[in-house]
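**Q** quick one, structure for this:
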Amino acid sequence: MNFKGSFVHKFLLIFLLCVFFVPKETEAKRPIYTHHFRNWVGATLKLKVHKNVGVVFDGQFRFSEFKLNNQHMVKAGVEIYANKYLSFVPIGYVHAWTFIHEGLIEKASFGEHRLFQQVVLTNSVNRLVFSNRVMFEQRWQQHKVKQGNGEYAHNGHTYKNRFRYKVSMNVPLNKSTLRSNAIFVSAYNELFVSFSKSVTYHLPDQNRAYIGMGYNFNHSGSFQLGYLNLLLVGKEGLHYEMGHTLFVGFNYSLDFTKKKAKNSIG
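**A** You can find the predicted model right below:
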């Protein structure tokens, strides 16, 4: 399976379109722009329990100004490996906690339940490893109601759908492939679009652009450190929040099918 040529051109076109997604000012009102410094720590664990089946766990701990809680979440899903290029998650679950502090778009803390489905297509061209991920989310967010004293209370849940498209690229620097002891450059862009009866802004409402460095300890574990530019758009497209984010990520994979194969020999 080879996507040389057209695949690279499509990747570059989509990446540039997403990176240069810039919010436009409306004629009626001038938008408000705010900037925040954030730091995110993420950890992903993948367990391959069958040649075609695995389980993925993910934890995200997100802070503002290196000390204020911003958002924390845990994720789990069943992953199906169709072949070495294509995998998909037919069902996954996320629980998230979102916190507030002065200047953020959200005005009240809330919890959220999500179900998600995703498809990932991976391919390599020479030293470059490309990945395309499409994700659909069904979200139940705690509904926030402003009280007479100005504070917010939760009353039921608001349902939203969200579409996400992520295109990423990894390039090893000191090795020919992403194997043990490989130092690599990693970059991605992810675009978000929300839609449901409760959503009033139907254009892309979030964009993430990342560039960083990584190191593969071995075939199972890796570490990443980089800069993530996070753009959030308010409900009516009039408040744009830019998050300048230091990202630290850890990834670890265990393949139990290889252990079973070794134990069955002899």
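**Q** only C-alpha atoms from now on, for both contacts and neighbour counts.
**A** Fine.
**Q** what's the burial count for Asn251?
**A** Using other Cα atoms under 10 Å, Asn251 is surrounded by 16 other residues.
**Q** make that Gly156, sorry
**A** 11.
**Q** how about the one 10 residues further on?
**A** For Lys166, the count of nearby residues is 21 (other Cα under 10 Å).
**Q** surely it and Gln206 touch.
**A** No - if you go by Cα atoms under 8 Å, Lys166 and Gln206 don't touch, sitting 11.9 Å apart.
**Q** mutual contacts of these two, please.
**A** Leu191 (Cα atoms under 8 Å, 6 or more residues apart in numbering).
**Q** can you list the low-confidence ranges for this structure?
**A** Scanning the chain for pLDDT under 70 picks out 1-28, 101-108, 144-155, 235, 259-266.
**Q** switch the cut-off to 50
**A** 3, 20, 26-27, 264-266 (pLDDT under 50).
**Q** go ahead and confirm Val55 touches Lys46.
**A** Yes - with contacts counted by Cα under 8 Å, Val55 reaches Lys46, the gap being 5.9 Å.
**Q** look at these two and report which has more neighbours.
**A** Lys46 (20 against 17).
**Q** ok, now which ones touch that one?
**A** 54-57, 252-254.
**Q** pick out the most distant pair among those.
**A** Farthest pair in the contacts of Lys46 (Cα to Cα) is Gly54 and Tyr252. Separation: 13.1 Å.
**Q** hey, what's the nearest residue to Ile183 once chain neighbours are set aside bridged with?
**A** Sequence neighbours aside, Tyr215 is the residue nearest to Ile183 in space, at 4.6 Å (criterion: Cα to Cα, 6 or more residues apart in numbering). With DSSP bridges applied, Tyr215 shows beta-bridge pairing to Ile183, Phe223.
**Q** next one: Ala76
**A** Beta-bridge partners, per DSSP bridges, of Ala76: Phe57, Tyr93.
**Q** any idea how far it is from Asn69?
**A** 22 Å (Cα to Cα, to the nearest Å).
**Q** all good on my end, thank you.
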